[in-house]
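Enquirer: sharing a model prediction with you, sequence too.
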Amino acid sequence: MDDASLHDAAPDDAPDDAWLDAECRRLLGFGRRVVHPRGGAAWLDDDGAPDLGRPVHTWITSRTVHVHGIGALLGVDGAASTAAGALDGLRGVLRDPEHGGWFGEVGPDGEPDDTKSCYAHAFVMLAGSTAVVAGLPGADDVLAEATQVFEERFWDEDLGRVVDEWDRSWTTPAPYRGLNSTMHSLEAMLAVGDVTGDGVWHRRAARLAGLVLELAPSYDGRLPEHFGPDWSVDLELNRDRPDDPFKPYGATVGHGLEWSRLLLHLEATLGDAAPAGLLDTSRLLFDRAVADGWHADGAPGFVYTTDWEGRPVVRQRMHWVVAEGIAAAAALHRRTGEEDDARRYAEWWAYARDHLIDLERGSWHHELDAANRPQASVWPGKPDLYHAVQATLLPRLPLAPSLARAVAMSGGLRAPA
């Protein structure tokens, strides 16, 4: 069942398409000043002003190309130039002209870091894919280079998995392996396959999903995130700093939701060729994330992480987790028509409206404390539009193709007049 009407099933207070369209455009308006003077995307503060004392990050720059490239497809004024300015950062300051690939970041002094991460390169592939669909100058070259680097450096053909990190000169891989980079590699592979027409990327995405199909039932829906070089599970990593923004200890509730959605996109993309168990695993991950993470400590909102028995560890509420919950509920409802998913969808939009959406200063608060008050212990400022923008788009689109291609095929996804 892939055509279930979410808005027919959702409670009356669920946002309609016109509201989602307006919120998407409001978010993109917040990011209109994001282009850094050196190229790429700046870190934005709470008012949307560039914080030039922070590095230019490849992952933020790539997400900026992605969301503003989609904005260009939507006809948002200024979005194409914003996306092009960020893309120039991937063609310039963030690209390593000596060894190839992309730095993780370039500091305010112009000095790059010394690591090459799979996470960042996956987002460069996503950015290149969206930029090609949006017709941005130089997009074809960025996508071609990004896919080549990824194939040569990060894709492990024998295992059907990814290498997480290299040093700057591609001499030595780091011993760490991670599920976060795996997840975003799968996302990027779906987009690359859709844009290039090369089905090898979709088949690689299916191989990556095989790891989650194994892990989810083995750990009762709580996905281990961290692994050794032989892919042995490390359940104790970062126990001493559990609120790490990229490698937190324990089960990351938002990633359970994000994987739940991505498995459904993969299933829709591959059709009859999809691996068995994608829907069942999607449901397991979703239900576990909701049971463990939502309203887990007496207040509404999703906690950031739990331990391996489902007890909250980091109780801050991150905006991206709610956005992924909204998108996952919409995807499951589209796939199954289950009324409870539509109810959850409406409930989480109501939470976002009450606690996260900042109508005074713009965008969404990126982090709340356990009492749903804005704080900035993990995520200062408002540097990222990616999750929130996608939460306004995914409920209005089919599960396949991937986002930029789907928006282009929709003719701009205009809200009803």
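Expert: Received it, and whenever you're ready, just let me know what you need.
Enquirer: got any ranges where the protein has weak pLDDT?
Expert: 1-5, 7, 9, 414-417 (pLDDT under 70).
Enquirer: was I right about residue 249 contacting residue 242?
Expert: Yes: applying CB atoms under 8 Å, one finds residue 249 in contact with residue 242, separated by 4.0 Å. C-beta: built from backbone N, CA, C; applies to glycine.
Enquirer: of these two, which one has the most company?
Expert: Taking neighbours as other CB atoms under 10 Å, residue 249 and residue 242 compare with residue 249 leading, 22 against 16.
Enquirer: thinking again about what came up before, where do the contact lists of residue 249 and residue 242 overlap?
Expert: 305, 313 (CB atoms under 8 Å, 6 or more residues apart in numbering).
Enquirer: how far is stretch 50-59 from where the chain is centred?
Expert: 19 Å (CA atoms, centre = their mean, to the nearest Å).
Enquirer: can you pull the buried residues of it?
Expert: By neighbour count on 16 or more other CB atoms under 10 Å, the buried set for stretch 50-59 is 50, 54, 55, 56, 57, 58, 59.
Enquirer: what helices or strands is the helix or strand hosting the last one leaning on?
Expert: To tie it back to what came earlier, the one meant is residue 59. Using DSSP states H and E, residue 59 maps to helix 58-73. Helix 58-73 sits against helix 17-30, helix 79-91, helix 118-134, helix 386-393, helix 403-409, with contacts defined as 3 or more CB pairs under 8 Å, 6 or more residues apart in numbering; DSSP states H and E.
Enquirer: if you set the cut-off to 6 Å instead, what comes out?
Expert: When contacts are defined as 3 or more CB pairs under 6 Å, 6 or more residues apart in numbering; DSSP states H and E, helix 58-73 sits against helix 79-91, helix 118-134, helix 386-393, helix 403-409.
Enquirer: who's in contact with the longest one?
Expert: Same thing as helix 118-134. Helix 118-134 is contacted by residues 58-59, 62, 65-66, 69, 72-73, 87, 102, 104, 139, 142-143, 146, 150, 154, 162, 164, 181, 184-185, 188, 191-192, 195, 404-405, 408 when judged by CB atoms under 6 Å, 6 or more residues apart in numbering.
Enquirer: check the last one too.
Expert: With CB under 6 Å, 6+ apart as the test, helix 403-409 has contacts from 70, 73, 130, 133, 194, 397, 413.
Enquirer: give me the distance from that helix to the chain's centre.
Expert: Centroid displacement of helix 403-409 relative to its chain, using CA atoms, centre = their mean, is 17 Å.
Enquirer: next, the buried residues of it.
Expert: 403, 404, 405, 406, 407, 408.
Enquirer: go on, the second one?
Expert: For helix 118-134, burial by neighbour count (16+ other CB under 10 Å) applies to 118-134.
Enquirer: which residues does residue 314 contact?
Expert: Counting by CB under 6 Å, 6+ apart, residue 314 has contacts 242, 243, 304, 305.
Enquirer: can you tell me the closest non-neighbouring residue to it?
Expert: residue 304 (4.0 Å; CB to CB, 6 or more residues apart in numbering).
Enquirer: ditto for residue 290
Expert: Once flanking residues are discounted, residue 290 sits nearest to residue 344: 7.0 Å by CB to CB, 6+ apart.
Enquirer: verify the contact between that neighbour and residue 329 for me.
Expert: Yes: taking CB atoms under 6 Å as the definition, residue 344 is a contact partner of residue 329 at 4.5 Å.
Enquirer: who has more neighbours, these two?
Expert: residue 329 (29 against 22).
Enquirer: from residue 118, how far out is the closest residue to residue 207 other than its chain neighbours?
Expert: By the measure of CB to CB, 6+ apart, the closest residue to residue 207 outside its immediate chain neighbours is residue 160, 3.3 Å from it. Separation of residue 160 from residue 118 (CB to CB, to the nearest Å) stands at 14 Å.
Enquirer: can you give me the strands in the stretch 201-350 of the chain?
Expert: For the stretch 201-350 of the chain, strands defined by DSSP state E, counting those that start in this stretch occupy the ranges 226-227, 251-252, 305-306, 312-314, 317-318.
Enquirer: closest one to residue 20 among these?
Expert: Residue 20 sits nearest to strand 317-318 of all those, at 21.0 Å, using CB to CB.
Enquirer: the closest one pairs with which strands?
Expert: Strand 317-318 pairs in its sheet with strand 367-368 (antiparallel), by DSSP bridges.
Enquirer: the partner strand: how far from the chain's middle?
Expert: How far strand 367-368 lies from its chain's middle: 18 Å, per CA atoms, centre = their mean.
Enquirer: can you give the contact residues for it?
Expert: In contact with strand 367-368 (CB under 6 Å, 6+ apart) are residues 316, 317, 318, 374, 375, 378, 379.
Enquirer: swap the cut-off to 10 Å and go again
Expert: Identification of contacts with strand 367-368 by CB atoms under 10 Å, 6 or more residues apart in numbering yields 243, 245, 299, 301, 304, 315-320, 322, 355-356, 373-382.
Enquirer: are any of those buried, and which?
Expert: The buried subset of the contacts of strand 367-368 - by 16+ other CB under 10 Å - is 243, 301, 304, 315-320, 322, 355-356, 375, 379, 381-382.
Enquirer: and which of those is nearest residue 390?
Expert: residue 320 (9.8 Å).
Enquirer: what's near enough to touch the closest one?
Expert: Applying CB under 10 Å, 6+ apart to residue 320 gives the contacts 254-255, 257-258, 302, 304, 364, 366-367, 379, 384, 386-388, 390-391.
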